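A.B. asks: any chance you can model this:
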Amino acid sequence: MEISLLAFALVFALAFANGSNDVSKAIATLVGSGVTDYRSAIAWGTAWTVVGATLAAFVASAMIKTFSHGLVQSGTIIEPAVTLAVLTGAMAWVLFASRTGLPVSTTHALTGAIVGTGFIAFAGEGLIWSAIGRKIALPLLLSPFLALTVSLLIHPAVRVLARNWEGACLCVMPASRALVAIDPRGGTRTLFQATHSGHPVIAVPSQCDRAGLPGLVVGLDTIHWLSSGLASFARGTNDAPKIVAMLLLGSATAAWPNTWSQLAAFGGVALAMGLGSYFGGLRVTEVLAEKVTRMNHAEGLSANLTTSSLVLVSGSLGLPVSTTHVSSSAIIGIGLRKGLNSVRWTTVRDMVLAWVVTLPASALLACIAYLILTRVL
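C.D. replies: Numbers count the residues shown, from 1 in each chain. Take a look at the predicted model:
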């Protein structure tokens, strides 16, 4: 097998592993708060992950530059074995964690694999340590505390919104070009209706579907679904470019030979992330949904809003935060609002231990892979 084909295969394998571990971070609150079942939540997260990963081809240039050549000194010769070892080390660790139900960070795994392989391949002299500290280590260290704080701060407002909206909904009626508000007591009010179009809305029952009207009911559940989709979308745009960037590792310009190559790489990674999400995402989702803290509707929504906003903002700035750290910390923060006893600390301990072990474990696996590959290739 040609080295380039092996690199593509390992990139897609890493994307599959990423999907199996990370889809849980955006959809666990849907299950944990009782909105839907596991299979529906995973399918929803998978769909939006693929959309986000695909769109990353057009909006994630900063992240690609960071991981492809922003961590290695210009002029450093990157052997094919280095790239293959980095991919192998990160992929092996993330797959292992997914099989054991541990939510870990692909960003962390890639960073550990790059540093570990850099040490053994060129004694660490080719690595830009200031960039590793500023662009990767610092965001990874700060993001859990930031997510925990944001979830604590926004939850009171979300809780008030949820309390006021519980039982209420909006009914979108395309046939009448109208938007109708329905309060918890069943009272209705037409918020908007286009003139001279359709039939006028005179009286609407307490629920659109009971009237047999072709309307779309938008309630608190809908907002939770949308926030979960947004978090999955953010995760896709945040993780796909880090994985794809491995194909350009060490490149002086981080440029693709042509547009077709770029689209093919992102398309393949998006597909692999989707397959991993759908077929391998159950175990980690169970941990975050049930074994950290119990969540109600408003708490799950707060955690999702925290995750999606922080990941989207950091991704646009080219800061590779971990969706794992952000989502898990947001859920922990929600639990802390109810008291220390509301959090299952044994689960949190195992999660934090997995975060700490990810760097050395992926570095060790990458080093072993490098030693093997240099003798095989």
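A.B. asks: what sits against L271?
C.D. replies: By C-beta atoms under 8 Å, 6 or more residues apart in numbering, L271 lies in contact with 12, 50. Quick note: C-beta positions are derived from backbone N, CA and C, even for glycine.
A.B. asks: how many neighbours does the residue nearest to T36 when sequence neighbours are not counted have?
C.D. replies: Of all residues not flanking T36 in the chain, L30 sits nearest, at 5.2 Å (C-beta to C-beta, 6 or more residues apart in numbering). Residues near L30, counting by other C-beta atoms under 10 Å, number 29.
A.B. asks: does L30 lie in a helix or a strand, and which?
C.D. replies: Under the criterion of DSSP states H and E, L30 resides in helix 24-32.
A.B. asks: any buried residues in that helix, and which?
C.D. replies: Buried residues in helix 24-32, counted by 16 or more other C-beta atoms under 10 Å: 24-32.
A.B. asks: for it, packing partners?
C.D. replies: Packing partners of helix 24-32 (3 or more C-beta pairs under 8 Å, 6 or more residues apart in numbering; DSSP states H and E): helix 38-59, helix 220-244, helix 282-290, helix 297-316, helix 323-336.
A.B. asks: for that helix, C-alpha coordinates in CSV please.
C.D. replies: Taking C-alpha atoms only, helix 24-32 is exported to CSV below (Å, rounded to 0.1, in the frame of the first residue of the first chain):
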residue,chain,number,x,y,z
SER,A,24,-22.1,12.0,22.9
LYS,A,25,-20.9,15.5,24.0
ALA,A,26,-23.8,17.2,22.2
ILE,A,27,-26.6,14.8,22.5
ALA,A,28,-26.2,13.3,26.0
THR,A,29,-28.4,16.0,27.5
LEU,A,30,-31.3,15.0,25.3
VAL,A,31,-31.3,11.5,26.8
GLY,A,32,-30.3,12.6,30.3
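A.B. asks: tilt between it and helix 220-244?
C.D. replies: What separates the directions of helix 24-32 and helix 220-244 is an angle of 160 degrees, with axes from the mean of the first three to the mean of the last three C-alpha atoms, to 10 degrees.
A.B. asks: if I pick the nearest residue to K291 once chain neighbours are set aside, what's in contact with it?
C.D. replies: Nearest non-adjacent residue to K291, counting by C-beta to C-beta, 6+ apart: T347, 4.5 Å away. Residues in contact with T347 (C-beta under 8 Å, 6+ apart) are 287, 291-292.
A.B. asks: helix, strand, or coil at T347?
C.D. replies: Under DSSP: H, G, I helix; E, B strand; the rest coil, T347 falls in the helix class.
A.B. asks: tell me the pLDDT of the residue nearest to S327 when sequence neighbours are not counted.
C.D. replies: Nearest non-adjacent residue to S327, counting by C-beta to C-beta, 6+ apart: K25, 3.6 Å away. According to the prediction, K25 has pLDDT 81.
A.B. asks: for G187, see how far away L179 is.
C.D. replies: Using C-beta to C-beta, to the nearest Å, L179 is found at 15 Å from G187.
A.B. asks: and L317, by the same measure?
C.D. replies: Distance from L317 to G187, by C-beta to C-beta: 45 Å.
A.B. asks: quick revisit: may I see the helices and strands packed on helix 24-32 organised as a markdown table, with distance to A13 added?
C.D. replies: Supplementary listing: these in a markdown table, determined by distance: least, C-beta to C-beta, whole Å:
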| stretch | distance to A13 |
| --- | --- |
| helix 38-59 | 15 |
| helix 220-244 | 10 |
| helix 282-290 | 18 |
| helix 297-316 | 23 |
| helix 323-336 | 19 |
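A.B. asks: what's the most buried one of the ones you listed?
C.D. replies: helix 323-336 (a mean of 28; mean count of other C-beta atoms under 10 Å).
A.B. asks: what distance separates that one from the centre of its chain?
C.D. replies: Distance, stretch centre to chain centre, for helix 323-336: 13 Å (C-alpha atoms, centre = their mean, to the nearest Å).
A.B. asks: that helix versus helix 282-290: what angle between them?
C.D. replies: 30 degrees.
A.B. asks: please save the CA atoms from helix 323-336 in PDB.
C.D. replies: Provided in PDB are the C-alpha atoms of helix 323-336 (Å, rounded to 0.1, in the frame of the first residue of the first chain):
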ATOM      1  CA  THR A 323     -15.500  19.500  23.000                       C
ATOM      2  CA  THR A 324     -15.100  16.700  25.500                       C
ATOM      3  CA  HIS A 325     -13.800  19.000  28.200                       C
ATOM      4  CA  VAL A 326     -16.300  21.800  27.500                       C
ATOM      5  CA  SER A 327     -19.400  19.500  27.400                       C
ATOM      6  CA  SER A 328     -18.400  17.400  30.400                       C
ATOM      7  CA  SER A 329     -17.500  20.400  32.500                       C
ATOM      8  CA  ALA A 330     -20.800  22.100  31.600                       C
ATOM      9  CA  ILE A 331     -22.700  19.000  32.700                       C
ATOM     10  CA  ILE A 332     -20.700  18.900  36.000                       C
ATOM     11  CA  GLY A 333     -21.400  22.600  36.500                       C
ATOM     12  CA  ILE A 334     -25.100  22.000  36.200                       C
ATOM     13  CA  GLY A 335     -24.800  19.200  38.800                       C
ATOM     14  CA  LEU A 336     -22.900  21.500  41.200                       C
END
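A.B. asks: which other helices and strands contact that helix?
C.D. replies: So helix 323-336, by 3+ C-beta pairs under 8 Å, 6+ apart, packs with helix 3-22, helix 24-32, helix 138-165, helix 220-244, helix 282-290, helix 297-316, helix 345-376.
A.B. asks: quick one: closest of those helices to L87.
C.D. replies: Closest to L87 of these is helix 3-22 (C-beta to C-beta; 3.8 Å).
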